[in-house]
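>>> this is the structure alone, sequence omitted:
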């Protein structure tokens with residue numbers, strides 16, 4: 001069964017750490033070992049795994065993406081959020097994690113982030129856990 005996590009972002013561009021919500025969901029599902037698929041069904045946000053120890057890394061990522069796809073460039077998309085679509089495509093819309101001993105397998109400094117590029121908004125995160 002697919003589980004839904006709902007989160008509210010607080011600014012137009014943001015990397016929101018959702019690692020605690022993923023861990024809580026695994027506990028509630030009583031998953032000890034398996035694979036978890038995480039997907040965002042939106043075209044202006046993405047999901048990624050990156051460092052969660054130094055907040056400067058998040059700022060560096062957002063600033064680099066803004067350099068690659070600035071908000072005020074001469075885009076053809078008329079809604080004014082073309083940069084958000086480009087950034088979301090660069091980040092991607094899904095990740096896969098292994099689960100061992102009831103915990104997502106992440107590196108020492110890693111966390112799971114919702115990458116918001118057109119907020120603030122209410123966002124859905126779809127999670128499919130496959131026990132093994």
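On my side now, so go ahead. All values derive from a computational prediction rather than experimental measurement.
>>> tell me what the closest residue to residue 91 other than its chain neighbours is bridged to.
Of all residues not flanking residue 91 in the chain, residue 46 sits nearest, at 3.2 Å (CB to CB, 6 or more residues apart in numbering). Yep, even glycine has a C-beta here, placed from its N, CA and C like the rest. Counting by DSSP bridges, residue 46 is bridged to residue 115.
>>> need the contact partners of the longest helix anywhere in the chain.
Secondary structure of the chain read by DSSP state H shows that its longest helix is helix 55-68. Residues from elsewhere that reach helix 55-68 (CB atoms under 8 Å, 6 or more residues apart in numbering): 13, 14, 15, 50, 51, 83, 86, 87, 90, 91, 113, 117.
>>> what mean pLDDT does that helix get?
Helix 55-68 shows an average pLDDT of 97 in the prediction.
>>> from the chain's centre, how far out does that helix sit?
Relative to the centre of its chain, helix 55-68 is centred 15 Å away, using CA atoms, centre = their mean, to the nearest Å.
>>> which stretches of this structure form strands?
Per DSSP state E, the chain carries strands over the ranges 2-8, 14-17, 34-39, 45-51, 94-100, 103-104, 110-116, 122-131.
>>> if we can go back for a sec, surely the residue nearest to residue 91 and residue 40 touch.
Yes - Residue 46 is within contact range of residue 40, at 6.4 Å (criterion: CB atoms under 8 Å).
>>> between the two, which contacts overlap?
Joint contacts of residue 46 and residue 40 (CB under 8 Å, 6+ apart) are 93, 114.
>>> which of the strands of the chain is buried the deepest?
Stretch with highest mean neighbour count among those: strand 110-116 (a mean of 23; mean count of other CB atoms under 10 Å).
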